[in-house]
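Novice: Any chance you can model this:
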Amino acid sequence: MEMAAGQRGPVHWTCLVGPGTASTWDAYVDHLLRDVAGQLAPGDIVLDVWHGCGPPPARIRDRFAKQFLVTPEVRHVRAHVVVTNSGLTRGALTAINWLIKRPFEERVFASPEPAFAWLKDLAPDLDVDALMADMEKANPACRTLQW
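Specialist: Purely as a prediction, here's the structure:
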């Protein structure tokens, strides 16, 4: 699995492409804890694009919940946007969101277009074309993904 990450305006994005491995999922959580949490400002948005990697293993979900979701900076997150081609991941996140109350709004999408439309609603000044260009530059595989 390849991971690329960056920030454009209020959006902190991560793109994971390819079969997931334990080490890459750990790197993803490390990135959230090390790079994203400390930079969050009020109203920021976290965008995750996961293609072909399936759901994170239980150990990673547990680590995410116990470490990232309880960091004080999470209170700054306005929304979490997840785009994944995994029906299993979308279903699991939807079920989790029925059961727990996150300190931010979270929506899960099957393709980028409706996710980016919601991003534009959340951050009207956001240049979503530039955001996609950032993602494609960081990980050229993003250009050819089939949703």
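Novice: Low-confidence regions, this protein specifically.
Specialist: Along the chain, segments meeting pLDDT under 70 span 95-100.
Novice: so where do the strands sit in it?
Specialist: Along the chain, counting by DSSP state E, strands occupy 2-8, 11-17, 44-51, 77-84, 105-109.
Novice: Next, format those strands as JSON lines and append mean neighbour count and distance to residue 123.
Specialist: C-beta here means a position set from N, CA and C on the backbone, and glycine is covered the same way. Putting the strands of the chain into JSON lines (neighbours: other C-beta atoms under 10 Å; distance: least, C-beta to C-beta, whole Å) gives the following:
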{"stretch": "strand 2-8", "mean neighbour count": "18", "distance to residue 123": "10"}
{"stretch": "strand 11-17", "mean neighbour count": "22", "distance to residue 123": "7"}
{"stretch": "strand 44-51", "mean neighbour count": "22", "distance to residue 123": "6"}
{"stretch": "strand 77-84", "mean neighbour count": "21", "distance to residue 123": "9"}
{"stretch": "strand 105-109", "mean neighbour count": "17", "distance to residue 123": "13"}
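Novice: Out of those, the one nearest residue 131 is which?
Specialist: strand 2-8 (4.5 Å; C-beta to C-beta).
Novice: now the closest one, how far from the centre of its chain.
Specialist: 10 Å (C-alpha atoms, centre = their mean, to the nearest Å).
Novice: Which other helices and strands does it contact?
Specialist: Counting contacts by 3 or more C-beta pairs under 8 Å, 6 or more residues apart in numbering; DSSP states H and E, strand 2-8 is packed against strand 11-17, helix 22-31, helix 128-138.
Novice: And for that strand, what's in contact with it?
Specialist: 12-18, 24, 27-28, 31, 35, 39, 126-127, 130-131, 134-135, 138-139, 141-142 (C-beta atoms under 8 Å, 6 or more residues apart in numbering).
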